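Chemist: fold the following for me, if possible:
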Amino acid sequence: MADPIILNPADSVAVLATSARKGDDPLGLGAALPAPLPAGHKLARIAMAKGAPVIKFGQFIGSATEDIPVGAHVHSHNCTFAPHDESHAIGADLAQAEAAVSALSRSFMGYRRDDGRVGTRNYIALCATVNCSATVIRKAAQELEAEGALAPYARIDGVIALAHGTGCGMAATGRGADYLDRVLWGHATHPNVGAAVFVGLGCEVMQIERMRAHYGSGQPARFHALTIQATGGTRATIEAIKAHVRGLLPLINQAEREPCPVSELRIGLQCGGSDGFSGITANPALGVASDMIVGCGGTVILSETPEIHGAEGLLLRRTTPDVAERLIACLNWWEDYAAQGGGSLDNNPSPGNKAGGITTILEKSLGAVAKAGATPLRAYYDYAEQVTQPGLVFMDSPGYDPVSATGQIAGGAQLIVFTTGRGSAFGSKPAPTLKLSTSDRLFDAMQDDMDLNCGDILSQGVSLTDKGAEIFEAILRVASGEPSKSETLGLGDFEFVPWQVGAVM
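Modeler: Modelled structure (predicted):
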């Protein structure tokens with residue numbers, strides 16, 4: 001078996017690179033395992049007394065709940081979440097992070113829109129303002145596809161139905177209404193969308209007039225709006241949507257790809273179904289690719305706020321006081337928000353995460369933050385806000401992947417890069433998802449879902465630098481039109497999930 005992985009000399013645990021059998025002594029310390037263990041799980045490098053800190057990545061990930069002997073399995077049965085050091089040295093590593101930005105110049109083939117932004121895809125979007133109009137937009141999109149309406153138009157990627165379960169039974173003002181407003185508007189005006197149609201019922205809280213107000217006195221021809229009640233019912237509305245889309249097709253098909261600088265790209269960073277290798281292979285390799293995007297003048301968006309809890313200090317050390325203040329306030333809000341629901345942020349690691357070797361949210365967060373690379377954290381954004389600042393930025397969102405990616409796309413992300421250790425069947429529209437596996441095992445088991453394997457970092461000794469460059473090139477290919485695995489599978493129609501915050505009334 002391969003030697004266990006020691007990530008930092010200060011670590012009190014090592015990570016199994018391969019599975020171990022009963023009776024094996026992976027660390028060679030005379031401690032035979034009483035039962036088999038999967039790869040990705042942790043073993044004690046030193047004896048730890050009850051209450052002692054457990055260290056991985058050179059960082060605190062929890063406390064021992066009992067005496068742990070050398071060579072023992074360290075996991076949920078003997079290690080638990082405990083408060084971490086929150087005396088953050090804000091900006092301490094900012095100069096070092098500035099030095100990590102290496103100027104690069106690369107391009108991809110994108111769609112240059114009239115407002116100057118660049119798209120990686122060319123969709124027509126049907127946007128429901130309320131759950132009541134979800135069926136009509138889905139049926140319109142399905143019928144157009146079944147009728148072959150798009151067949152003559154090779155430059156149109158499809159008609160997408162952005163349906164959701166809210167839009168009424170909610171407060172007309174406040175955080176929840178603002179989030180839905182931003183999500184709908186951000187998707188309708190997204191650079192990957194050539195035209196959009198808003199469809200409502202007519203009497204809902206999220207009125208189409210709220211969307212129309214964004215335009216002021218003028219309304220561009222590429223946007224259209226109608227309601228079921230005013231159009232004459234369900235069937236009449238489906239036919240009206242289809243007729244309008246048919247009229248748009250020749251216009252939207254005129255878009256042509258052209259060379260565009262990588263500085264125009266906004267990439268959403270996601271991880272889901274994480275395992276014990278996520279923070280060792282795929283996430284740090286994606287961090288290298290993130291640094292390359294930033295070096296080209298582009299933007300990478302880190303999100304999933306509950307999954308930076310415990311690792312926020314790594315970000316705060318390379319940002320400015322104003323950004324740090326907003327991020328800390330956000331994390332404090334999340335602690336209160338979780339408590340209101342009877343939970344805590346340490347509820348985050350899922351059963352699958354734990355089966356893959358992740359014990360606490362602190363451990364998971366340290367691996368997740370690696371996606372962000374080493375450059376300065378330039379800005380903080382609320383959920384679904386338009387992202388305008390180049391470089392590494394943070395957007396507040398839940399850790400639930402569909403909700404988080406929906407916010408990133410609404411903010412302008414033209415592509416999502418998603419790492420997974422357990423195997424997530426995830427896609428997104430109108431921004432495609434590129435999926436990275438953390439292990440050879442996963443890549444072999446789910447080849448139809450995984451775009452790129454990062455397991456060879458361990459199995460073949462591929463460097464993080466080389467793997468990051470490979471990810472970067474894959475990003476440019478997909479941004480230029482190469483279909484991702486999730487697109488080929490048709491994923492993404494049901495991953496549009498706006499964050500529903502506030503009372504459902």
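
Chemist: helix, strand or coil for residue 402?
Modeler: helix (DSSP: H, G, I helix; E, B strand; the rest coil).

Chemist: ramachandran angles for the closest residue in space to it that isn't next to it in sequence?
Modeler: Among residues not flanking residue 402 along the chain, residue 497 sits closest, at 3.9 Å (C-beta to C-beta, 6 or more residues apart in numbering). The way it works is simple: take the backbone N, C-alpha and C, and place the C-beta from them, glycine included. Per-residue torsions, residue 497: phi -140, psi 90 (degrees, to the nearest 10).

Chemist: if I look at residue 497, how far off is residue 458?
Modeler: According to C-beta to C-beta, to the nearest Å, residue 497 and residue 458 sit 33 Å apart.

Chemist: show me where pLDDT drops low in the stretch 201-350 of the chain?
Modeler: For the stretch 201-350 of the chain, residues meeting the criterion pLDDT under 70 lie at 215-222, 347-348.

Chemist: show me where the stretch 101-250 of the chain has strands.
Modeler: 107-112, 118-119, 123-128, 158-162, 193-200, 223-227 (DSSP state E, counting those that start in this stretch).

Chemist: show me how the protein divides into domains.
Modeler: 1-80, 123-254, 259-489 (automatic domain parsing).

Chemist: endpoints of the second one, how far apart?
Modeler: Looking back up the chat, that one is domain 123-254. 12 Å (C-alpha to C-alpha, to the nearest Å).

Chemist: same deal with stretch 445-461?
Modeler: End residues of stretch 445-461 are separated by 21 Å (C-alpha to C-alpha).

Chemist: ditto for stretch 10-29
Modeler: So stretch 10-29: terminal residues 18 Å apart, C-alpha to C-alpha.

Chemist: from the chain's centre, how far out does it sit?
Modeler: 32 Å (C-alpha atoms, centre = their mean, to the nearest Å).

Chemist: helices of the stretch 51-200 of the chain, start to end?
Modeler: When assigned using DSSP state H, counting those that start in this stretch, the helices of the stretch 51-200 of the chain occupy the ranges 94-99, 134-146, 175-188.

Chemist: nearest to residue 468, out of the ones you listed?
Modeler: helix 94-99 (16.6 Å; C-beta to C-beta).

Chemist: quick revisit: ok, the residue nearest to residue 402 - contacts?
Modeler: 164, 400, 402-403, 406 (C-beta atoms under 8 Å, 6 or more residues apart in numbering).

Chemist: distance check, it against residue 207.
Modeler: 21 Å.

Chemist: from the centroid of this protein, which residue is nearest?
Modeler: Central residue of the chain (C-alpha atoms, centre = their mean): residue 270, 2.6 Å from the mean position.

Chemist: quick check: closest non-adjacent residue to that residue.
Modeler: residue 418 (4.3 Å).

Chemist: quick one: pLDDT of the one you found?
Modeler: Model confidence at residue 418, given as pLDDT, is 98.

Chemist: am I right that it is in a strand?
Modeler: Yes - with three-state DSSP as the criterion, residue 418 is assigned to a strand.

Chemist: neighbours around it, how many?
Modeler: 26 (other C-beta atoms under 10 Å).

Chemist: isn't it right up against residue 424?
Modeler: Yes - shown here, residue 418 and residue 424 form a contact pair, counting by C-beta atoms under 8 Å, at 6.7 Å.

Chemist: mutual contacts of these two, please.
Modeler: Contact criterion C-beta under 8 Å, 6+ apart; residues shared by residue 418 and residue 424: 272, 401, 435.

Chemist: on that earlier part again, residue contacts, the residue nearest to the centre of the chain?
Modeler: If you count contacts by C-beta under 8 Å, 6+ apart, then residue 270 has 303-304, 401, 404-405, 408, 416-419, 426, 433 around it.

Chemist: residue 427 reaches residue 492, doesn't it?
Modeler: Yes - using C-beta under 8 Å, residue 427 is in contact with residue 492, at 3.7 Å.

Chemist: anything in contact with each of the two?
Modeler: Common neighbours of residue 427 and residue 492 (C-beta under 8 Å, 6+ apart) are 433, 486.

Chemist: how about the strands in the stretch 401-505 of the chain?
Modeler: 415-420, 433-437, 452-453.

Chemist: go through the ones you listed and name the closest to residue 160.
Modeler: Judging the strands of the stretch 401-505 of the chain by C-beta to C-beta, what sits closest to residue 160 is strand 433-437, at 13.8 Å.

Chemist: so for the closest one, mean pLDDT?
Modeler: 98.

Chemist: sheet partners, orientation included, of it?
Modeler: According to DSSP bridges, strand 433-437 forms sheet pairs with strand 415-420 (parallel), strand 452-453 (parallel).

Chemist: give the bridge partners for residue 195, please.
Modeler: With DSSP bridges as the rule, residue 195 is bridged to residue 124.

Chemist: is it correct that it is in contact with residue 124?
Modeler: Yes - in this structure, residue 195 is within contact of residue 124 by C-beta under 8 Å, at 5.0 Å.

Chemist: intersection of neighbour lists for these two?
Modeler: Counting by C-beta under 8 Å, 6+ apart, the shared contacts of residue 195 and residue 124 are 248, 252.

Chemist: can you give me how far stretch 68-78 is from the chain middle?
Modeler: Worked out by C-alpha atoms, centre = their mean, stretch 68-78 lies 32 Å from the chain centre.

Chemist: any idea how far the closest residue to residue 214 other than its chain neighbours is from residue 386?
Modeler: Of all residues not flanking residue 214 in the chain, residue 185 sits nearest, at 5.8 Å (C-beta to C-beta, 6+ apart). Noted for residue 185: a distance of 9 Å to residue 386, by C-beta to C-beta.
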